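Student: what shape does this take:
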Amino acid sequence: MDLKLEVVVIPVSDVDRAKAFYEGIGFRLDADFRSERGLRVVQVTPPGSAASIIFGDKLTTAEPGSTQGLHLITADIAAAREELIAGGAEVSDLWHDADGIFHWAGTENRVAGPHPATDSYGTYASFADPDGNGWVLQQIVTRAPGR
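Tutor: Down below sits the predicted model:
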């Protein structure tokens, strides 16, 4: 079987505001379609990603801001953080999880600064879109075997 995750739907309250935010932080605008019956689909793709997000009108019944834990992977988290900030995102300082395995939901168990023992999989930063949909930057310089 060959399956690829290509689209994730996120709920937003103001489509034009979300579109401006994501374009501002460097996501590529792939589509902005409207139907005569009020359906609107906006698709944007993070730089270098094969997967996209879509948002719009009449796409989901989920509450705006309810999507959490979307991960953006980068080999240089400090540079990615600065670019996102320059584009208008309010990005946290770098952090790692006290347990060193992954990270807890919310801000519990966060320790300030990059992971002290590894440059891959352990250092994070986070931000939210204007509705509160939560994103996590994760640094991966060297991938685990088989990935």
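
Student: and Thr61, what helix or strand is that in?
Tutor: For Thr61, there is no enclosing helix or strand under DSSP states H and E.

Student: per-residue pLDDT, it?
Tutor: Per-residue pLDDT puts Thr61 at 97.

Student: for it, which residues are in contact?
Tutor: If a contact means C-beta atoms under 8 Å, 6 or more residues apart in numbering, then Thr61 has no contacts. Glycine gets a C-beta too; all of them are placed from N, C-alpha and C.

Student: just list whatever residues bridge to the residue nearest the centre of the chain.
Tutor: Closest to where the C-alpha atoms of the chain average out (C-alpha atoms, centre = their mean) is Trp135, at 3.8 Å. Counting by DSSP bridges, Trp135 forms beta bridges with Leu70, Phe127.

Student: do you know how far it is from Leu39?
Tutor: 25 Å (C-beta to C-beta, to the nearest Å).

Student: kindly report the same for Pro114.
Tutor: On the measure of C-beta to C-beta, Pro114 and Leu39 end up 43 Å apart.

Student: where does pLDDT dip in this protein?
Tutor: Filtered on pLDDT under 70, the chain yields no residues whatsoever.

Student: if we use 80, what do you get?
Tutor: 147 (pLDDT under 80).

Student: distance check, the residue nearest to the centre of the chain against Leu94.
Tutor: 14 Å.

Student: of Pro114 and Leu39, give the one with the bigger neighbour count.
Tutor: Pro114 (19 against 12; other C-beta atoms under 10 Å).
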